[in-house]
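S.K.: sequence first, predicted coordinates after that:
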Amino acid sequence: MTALSGHDAKRLHDLAMAILTEREPVRVWPLLMERLTADLPVDLAVLIDLDWRAGTGHAQTGSPDWLHEAPLDALIHAHMRAHPLLRHYACTADRTPLTLDEVADDRWWKSEAYHAGKAAIGIDRQLALPLSSRPGQIRGVIMSRSGRRFTDRDLEYAELARSLLDTVSAYEKVAFGMPELGDPSEYGITPREMAVLALLDEGLTAHAIGSRLQIAEKTVIKHKENLYRKLRVHDRVTALKKGRSLGLLPSVPDMD
């Protein structure tokens, strides 16, 4: 198996830094699609969100820009259940990046679904980065390029990128979903510490927070210690109360 080069490692480092320093949350996923198309490289990358049971779904964002004019949602609705990669992830618990060549048989390359995709967006070789999702749903990135097969190096890079994207997905649900709240940086609280505080507010344990954010439990505990110090409190209940008083957490609805 071809090992990742130092150049590949730098690309992953730069990608992580671009995510962490992006000041506009809505730009994060488009930025990721742009970087993946350049780094692998591929002709296009699309973030999809599907409800397999209902047979519906949509493309959330993609790169290059012309994809926004392509009939992606129509392709998804018409052919998602015929797509070998999507069918594989829907029927298994596998979340390993895979290529079409690994799961498709001769029937796929002759199918109406393949030819419809080929005509609309030029799909040929495809690589999927499946992200964590609820049962019955598929969320992930589908990347395509014409002609050239994906290599062992591409798959190794994709696995590392998938872990990074999964972390972004978990992080955005916590940190990017609170634009109306106060600015944690005014109190020296980092985005990751803010993510931990929000999950503490959900009642999660340190172990569960670590699983959600894909970090070690001891790292969560360290973030909690930093939070308590910065908020000048000594326990979880007081930290949450202080977080609300500072506008960092949403107010508890009045039950009267």
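M.R.: Yep, it's here.
S.K.: can you give me the helices in the stretch 101-250 of the chain?
M.R.: Under the criterion DSSP state H, counting those that start in this stretch, helices of the stretch 101-250 of the chain are mapped to 106-109, 112-121, 152-175, 191-201, 206-213, 217-231, 236-245.
S.K.: who touches the residue nearest to Ala82 when sequence neighbours are not counted in this structure?
M.R.: Leaving aside its sequence neighbours, Ala82 sits nearest to Ala113 (CB to CB, 6 or more residues apart in numbering; 4.1 Å). To be clear about C-beta, it is placed using only N, CA and C from the backbone, and glycine gets the same treatment. For Ala113, the contacting residues are 78-79, 82-83, by CB atoms under 8 Å, 6 or more residues apart in numbering.
S.K.: ditto for Asp235
M.R.: Asp235 makes contact with Tyr228, according to CB under 8 Å, 6+ apart.
S.K.: from Lys241, how far off is it?
M.R.: Counting by CB to CB, to the nearest Å, the separation of Asp235 from Lys241 is 10 Å.
S.K.: try Asp124
M.R.: 57 Å.
S.K.: roughly how far does Asp39 sit from Thr92?
M.R.: 27 Å.
S.K.: same question for Val28.
M.R.: Taking CB to CB, one finds Val28 at 28 Å from Thr92.
S.K.: of these two, which one has the most company?
M.R.: Val28 (20 against 10; other CB atoms under 10 Å).
S.K.: per-residue confidence at the more buried one?
M.R.: pLDDT, Val28: 79.
S.K.: does it lie in a helix or a strand, and which?
M.R.: helix 28-39 (DSSP states H and E).
S.K.: many thanks, I have nothing further to ask.
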